Every structure is written in C-alpha cells, then in structure tokens.
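Student: compute the structure for the input listed below.
(chains A and B)
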Amino acid sequence: MIAEIGAFAAALALALSLAQGVFGLAASRRDSRAEATAAIAQAAAVLCVLAFICLIALFVRSDFSVAPVAANSHIDKPLIYKIAGAWGNHEGSMLLWCLVSAVFGGVLASTRGSQSLGLWSRAVGVQGLVTAGALIYTLFLSNPFARLDPAPMQGSGLNPLLQDPALAAHPPLLYLGYVGLSVPFSLALAALLEGKADQAWAKALRPWTLLAWTCLTLGIGLGSYWAYYELGWGGWWFWDPVENASFMPWLVACALVHSAIVTERRGSLASWTILLAILGFGLALLGTFLVRSGVLTSVHSFAVDPQRGIAVLVLLAIAMGAGFGLYAWRAPKLAQPSGFAAISRESMLVWNNFGLAVAAGVVLIGTLYPLLVEALGGGLISVGPPFFNMTVAPLLAALFLVLPFGPMLTWRVGDMRQALLRLAPAAALAVLTLIIALVTTHWRAAPAIGLALGVWLIAGGLIYLWTRIRRGEGAALAKVAMLPLAVWSMSIAHIGAGVLTLGAVAETAFRAEQAVALSPGEGVAFAGRRITMIEIGEREGPNYSATRANFRVDSANGSRTIGAERRFYPTSPMPTTEVGILSSLDGDIYIALGEAVRDGAGAWTVRLYHNPLVHLIFIGVSMMGVGGLLSFVALTRRRRATL
Amino acid sequence: MSLTALLFAMVAPAVLADPAQEARAQSLEREIRCVQCENEPIAQSTADIAADMRALVRERVAAGDSDSEIRAFFRQRYGDFVLFRPPWDARTWALWGAPFLLLAGGLAGVLAVRRRREGEDADTVPEEGER
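Tutor: Purely as a prediction, here's the structure:
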C-alpha cells in the first residue's frame, strides 16, 4: 500500500509539474496565473516529499516486495543504512533528484523578491519542466515503487562499501548541488525569454548558485574523504570519470558564483553569466549520464544500464537544445555591458572565469576523449591523472597567482600599486616558501611552486581580512565584530583554497608507501617511525565478520596503537578494508591489512602509507564549504533586509 | 600462480634497495592501469594480475630500464589502454592540443570583452556587505 501511495504521489507531482511549466511560461501577463503557478509548484513539492517519505518507509520496513528494496536492502542492516539505502541505489537516487528539483521549484515560487512578475513566473515554469522531465524518467524508466511477485524472503544487501556515514550523506549533498544548478538554469532561460538580465535578476541568481556550489563542494569533499579512508589505498582524487563528472559542474558553478557578482554589482557580463548557468546544468546532467550509463569505466559505477543512459542523454539533449537555442536567438539582444579597466575588480573576476572555464573545458575533453577515439575506430586509450595533472594544475596555479589581487582591487578602476604594496608580505612569505622547498627537495620545482601558491593564498586572504578590519571604526574588537559576513565568507573560502592546495601538493609530492609481510611481534621501520604488528584475530560485527590486526606505531612523540580490518559481508563476494589511520600534525600513518601469506608462518601482507599534511585537504575543502554557506546566509539575509 | 605472484610482488621485492628506484617504481605503478579492474592503477588494485604487473615494473626498474622504456614495454604487451598517460600520436594530437586551443579561445574572449569598454561613469561601487 505504501508503495502505491508513493507511486501515486509521484505521478500526481508529474501532472502538477507539467501544469507548473505551462502556467508558469504563460503567466507573464496575468497575476492570477502567477499565483496559481506558485500554488501548483508548492503542491508538487509536497507530493514529491510524500513520495520520498513512502520510499524511506519501505526501506525501513524492509518490504522486499518492492524491487529496489529487495535489490539493495537486508533485514540485518543497521537502521541508518536502511534509511540511507533509499537513496543509495539508482531508482531511489532518481526520486531524490525529483524531490530536490520539486522542492527548489516550490522555494523559487515562494520567493519572488524584487524580480519582475514575468521573469519570476517563467523561471518557475522552466523549473517545473525540469522536474517533470526527471519525474517522467523516474516513473517510466526507473520506478522505485515497482513490485516483485513473488517477493523474496531476504534482500541482497547494500554494497558494503557504501555502508558508511560519509557515504550516507554524500549522494544527497551531491544531488543538492547538481539539481541546485537547475535553478540558475531556469533563471537563465527565463531571462532569455524575457530578453532582460538585469541586476535584480543576478541578485536572485546568486544565492541559488552559491547553494549549489557549496553543496557540490561539501559533497565532493565527503566523497573524496570516503575514498581516502575506505578504498584502502590512501587516494583522495584519481581523475576518475565519475570524479571528473562532479568536478566539471563544480568548476563552472565556481565561475558562475563569481561572474554573477559582476552582473549584480555592475550589470555587465550578463550574457556570459547566462551561458555559464546553462552550461553548469548541462554538465550536471552530463555527469548523471556518465555515471548512470556506464559508457566510461570507473571504480564508482554502481548502477549501470545503457537504456537508462540513453534516456538521460535525451533529457540532456532537450535541456541543452532549448538552452543553447534560446541563447543563440536571444542573447545578442541583451543589453551590452558597460566597460571596465584592465586593473579592476571586474577584470580580476573575468580572469577567474577564464581560468575556471578553460579548466572545465580541459577536464571535459580529457574525460570524453577516450570515447571519441574509440568511436572513430582508434582503439582503446586511457586519459588519466598524468594528463590532468599536467594540464589542469598549471591552469589552477595561474588562477591562484592572481586570486589575492581580486579582493584588493576596487570596482571599475583599481590601484595595482597599492594592491602590490599591501600584498608584499604575502609575496615575501611565498617566495621564502618557494626557496626553502626548492632547497629541501633538491630542486623539485612543481611541489615547491604548489606550496608557495598555497602560502600566497593563505597570507593574501589574511592580509585582506586585516585591511578590511583596519578600515572599520571604533575599538579593535568592535572593528572585528562589524566586519560584514560577506567579507568573512569570501576570505574563509579563499584561505580554504590555499589550505587545500598545501595539503594536495604535500600529499601528492611527498607521500611514501611500502608493502611488507608482517607476523605478530614483527616490526618494520617506516617514515621515521617503527610499526609493529601486535596481534591479529577474528571479530564479529553486526552484519559482517572481520579479521582485525592491531599495530603499535612508535615515534619520537611516543607510542600509539591502531587497528586495521578486512571485513567480509555475507551478501558481498569482495572483502572490504577498514584502514587504520593515525593522524598527527604532520600527516597520517595509514595502514591497510592485506591477505595472509601462504607458508609465511602466520605473516600477513600489510600496506603502509605516510600521507603528509593530508588532513589539510579536507580542512581546506570544509573551509571552502563553510565560506560558501556563510556567503549564502549573508545573501539571503540581505535579501530579507531589502524586501 | 597467483599466490606465488602475490608473494613475489608484495613481499619479496616490495622495496627496491635504491630509494630513487623505489620512488620511480611507485610512481610508475600509479600510472599503469590494471587490465582487469575498473579504472584502477596497479598500485591500488588487489587483483592478482595487478600484483604480477607490479612485479614486472620492479623487475624492469631493477634491470635499469628508463621510465619511457618501461612504459613502451607495457604498451607493447597490453596495448595503449594500459597507460594512464595517453601516447603522443595522430589520435591524441587533438587531446594534447585542446588545452592550448581553449587557452587561446579564452584569451580572445577576454580581449573581446575588454575591447567593448566604453564611457566611464563616475559612481563608485560599494563593497560586498556594504549598502
């Protein structure tokens, strides 16, 4: 019964979303239609929430007569993973997609702000069509409420790799980001239809873009953190197609966050901002296609079906066909921007967009190139980390070199001399870092430049904060308290980028790894420490059995014990690794337990890693996320203040 | 076969005596693709074939082959697919050229925006968070 209620709610939401599309696009001249559109959008959102609650209820009750529950859940699974199971599979994740799209549509419909009636209702209309597309796909090609007859007695269980707190939160965050980009897309199409993209429009666009970017940042960060501690090889980023699929919309969303500032403040770059909004959603859909279709082999392909892939491709073609078609037709009619000087805030933000957009283009081409070569009969080739590190890293380096100048320069015409003077201490620190790194690494240029850039970003961000605090009035503490939230948020995000850079460069350039065979009582010298296997034994978990080994790590700072496990889930043929991680200020000691060595007199293979400064990666990403979140708060607060 | 390979690959020559050789072997193992797995380098894969391939890398490094010789060896043995670093030939000119084309296109775009600059208005624009 619950499944039928869910399916009915989703079907009703589809009908309402279509109505939302038709009414919204037709409403521009009549207030009564606009009111109806808003009510319809809110009702569609409520129905999608109801459908999703039904799905969660089915998972919690382990109703194995429902296909996705039978395929992905299990009686013995802990409750939290039963709930997370609702979106840890293809069908459920598509319903989550619809839910987010419909709820965002409802919120968009409830927050008109200072937008003109036509622009606002058209945006709500386009959003309705986006939701309708997702619902059609979900209900007809991946129905999460499909019944099985006869129902199995037991479910097949969730992939054990996914039974993890970080991964329970990872898909919802990523989907908030991906689908969040549908709102800027709707706003962009509405602007093209209206033939107007003014400052009020950009003001409405900014919070949505920031929300999407922040969720993408945190979602990708969580996924990366999960890969680091769960996959058992100490990696946090591998330029895998699925990783790239989330990185491309992230890069474009990041560009959009910045270009929308220019459009809002100066009214310029409107047509570029619209193009980015269309591209961002297109790349989000492309990401869904790449992940769902399995056209690219990836470690992360969990649910693969060619027919579904083609359907996503059709939706992508419709959305981008409409987007780019409208853009080509209407964008030339948009008001032309007023100019700005080569040295100005605008100009720096244009360079930001240049770097991010080119980087997104390079990642796109690198990700799709093997498909292209294969389709043209060129055989199989791989485009992996060496290509992306060689091309994207220098681009980001150039971007980071100019980043600290952006906030230091004023709008319209900036004073480069003054900015240089203020940033001089940061530059000095960066050069010092460069020299020290070059000398201590025997002239390895790439990591030295990377570390120097990280220091440059952090110091530049701190100096900007300091100049803004000094400009305030009153006592020292009052000055700090008076600093606008927008300044804090931007500085935290930029400093976070620097912290991330330090961690990423140090981990990539200076990590150490070693594979050894150890039996209890045996030890090995590694990364300035001595690592000894104390004991190894069997252990029973709630829904798995495990082999657990305890290790003692002796260093100059004393002795610590950590455990590493291999877990065997009866529902899965492959064992999973639970690594032992010992974090200290200079980085992680990371131990993964391998297999027993036959005839090795009780020895086990153990892989040891030293990942210097790796925690800075996750701290940096979190800072960027917090910065985005604070900026979102600042923008919505401002919005309420001006209503 | 697999267990001897595992023993050989993960235990016996796990560390090459020369630290420079060891570092080279590790970085090569990160850019050679496991032929059995889904998009994993042999450094990371737990498959038996990956252990064999790691052993091969170490054997070649110990024998004094250069990085490019080792890449060529693997490419000849398993095909282009095995290298995460795409080869430079007629098929990949467009790939390696793409970043430069995008850079040039982007630069042209930025210059086009700059050229449109017109009359200066004298109003100052407030900073973020100021009204």
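
Student: please parse chain A into its domains.
Tutor: Segmentation of chain A into domains, based on automatic domain parsing, reads A:1-163, A:166-402, A:413-509, A:512-617.

Student: would you reformat those domains as CSV and include mean neighbour count and mean pLDDT?
Tutor: Glycine gets a C-beta too; all of them are placed from N, C-alpha and C. Output for those, formatted as CSV (neighbours: other CB atoms under 10 Å in any protein chain shown; pLDDT from 0 to 100):
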stretch, mean neighbour count, mean pLDDT
domain A:1-163, 21, 90
domain A:166-402, 22, 89
domain A:413-509, 18, 94
domain A:512-617, 18, 89
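
Student: endpoint to endpoint, stretch A:605-624 covers what distance?
Tutor: 38 Å (CA to CA, to the nearest Å).

Student: touching chain B at all, that stretch?
Tutor: Yes - against chain B, stretch A:605-624 shows contacts by CB under 8 Å from any CB of the partner chain at residue A:605.

Student: the most centrally placed residue in chain A: what's it in contact with?
Tutor: Closest to where the C-alpha atoms of chain A average out (CA atoms, centre = their mean) is residue A:216, at 2.6 Å. By CB atoms under 8 Å, 6 or more residues apart in numbering or on different chains, the contact set of residue A:216 is A:173-174, A:177-178, A:180, A:246, A:249-250, A:253.

Student: what's the closest of those residues to chain B?
Tutor: residue A:246 (15.2 Å; CB to the nearest CB).

Student: now do the helix or strand harbouring that closest one: which elements does it pack against?
Tutor: Residue A:246 belongs to helix A:241-266 when assigned by DSSP states H and E. Counting by 3 or more CB pairs under 8 Å, 6 or more residues apart in numbering or on different chains; DSSP states H and E, the packing neighbours recorded for helix A:241-266 are helix A:165-180, helix A:199-230, helix A:270-293, helix A:345-375.

Student: export the ones you listed as TSV, with columns for distance to residue A:431.
Tutor: Below are the helices and strands packed on helix A:241-266 laid out as TSV (distance: least, CB to CB, whole Å):
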stretch	distance to residue A:431
helix A:165-180	37
helix A:199-230	30
helix A:270-293	34
helix A:345-375	21
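
Student: so for residue B:107, which of those sits nearest?
Tutor: helix A:345-375 (7.5 Å; CB to CB).

Student: give the next helix or strand downstream of the closest one.
Tutor: Per DSSP H and E, the first helix or strand lying C-terminal to helix A:345-375 is helix A:385-402.

Student: could you say what helices and strands the helix or strand following that next one packs with?
Tutor: Toward the C-terminus, helix A:385-402 is succeeded by helix A:405-408 as the next helix or strand (DSSP H and E). In terms of contacts (3+ CB pairs under 8 Å, 6+ apart), helix A:405-408 is packed against helix A:345-375, helix A:416-440, helix A:445-471, helix A:485-510.

Student: mind checking which of those is nearest chain B?
Tutor: helix A:485-510 (3.6 Å).

Student: and the closest one with chain B, contact?
Tutor: Yes - judged by CB under 8 Å from any CB, helix A:485-510 comes into contact with chain B through A:485-487, A:490.

Student: which helices and strands does the helix or strand just after that helix pack with?
Tutor: Per DSSP H and E, the first helix or strand lying C-terminal to helix A:485-510 is strand A:512-518. Counting contacts by 3+ CB pairs under 8 Å, 6+ apart, strand A:512-518 packs against strand A:523-526, strand A:604-612.

Student: and strand A:512-518 with strand A:604-612, angle?
Tutor: 160 degrees (axes from the mean of the first three to the mean of the last three CA atoms, to 10 degrees).

Student: put the alpha carbons of strand A:512-518 into CSV.
Tutor: C-alpha atoms of strand A:512-518 as CSV (Å, rounded to 0.1, in the frame of the first residue of the first chain):
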residue,chain,number,x,y,z
ALA,A,512,55.5,7.3,1.0
GLU,A,513,54.2,3.8,0.7
GLN,A,514,55.6,0.4,1.3
ALA,A,515,54.2,-3.2,1.2
VAL,A,516,55.5,-5.6,3.8
ALA,A,517,54.8,-9.0,5.2
LEU,A,518,54.4,-9.0,9.0
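
Student: just list what the longest helix along chain B packs against, helices and strands only.
Tutor: The longest helix of chain B (DSSP state H) is helix B:93-115. Using 3+ CB pairs under 8 Å, 6+ apart, the elements in contact with helix B:93-115 are helix A:345-375, helix A:385-402.

Student: from residue A:511, how far off is the nearest residue to residue A:497 once chain neighbours are set aside?
Tutor: Among residues not flanking residue A:497 along the chain, residue A:457 sits closest, at 5.6 Å (CB to CB, 6 or more residues apart in numbering or on different chains). Per CB to CB, to the nearest Å, residue A:457 is found 22 Å from residue A:511.

Student: before we move on, back to that, what sits against the residue nearest to residue A:497?
Tutor: A:400, A:403-404, A:494-495, A:497-498, A:501.

Student: please report how far it lies from residue A:421.
Tutor: Residue A:457 is 19 Å from residue A:421, by CB to CB.

Student: need phi/psi at the residue in the stretch 401-550 of chain A that chain B sits nearest to.
Tutor: Per CB to the nearest CB, residue A:484 is where the stretch 401-550 of chain A lies closest to chain B, at 2.5 Å. Here is the backbone geometry of residue A:484 (degrees, to the nearest 10): phi -60, psi 150.

Student: next: residue B:83.
Tutor: The phi/psi pair for residue B:83 (degrees, to the nearest 10) is phi -100, psi 120.

Student: wait, doesn't it sit right on residue B:35?
Tutor: No - with contact defined as CB atoms under 8 Å, residue B:83 does not reach residue B:35; the gap is 11.2 Å.

Student: neighbour count for the two, which is higher?
Tutor: Shown here are residue B:83 and residue B:35; by other CB atoms under 10 Å in any protein chain shown, residue B:83 has more neighbours (21 against 18).
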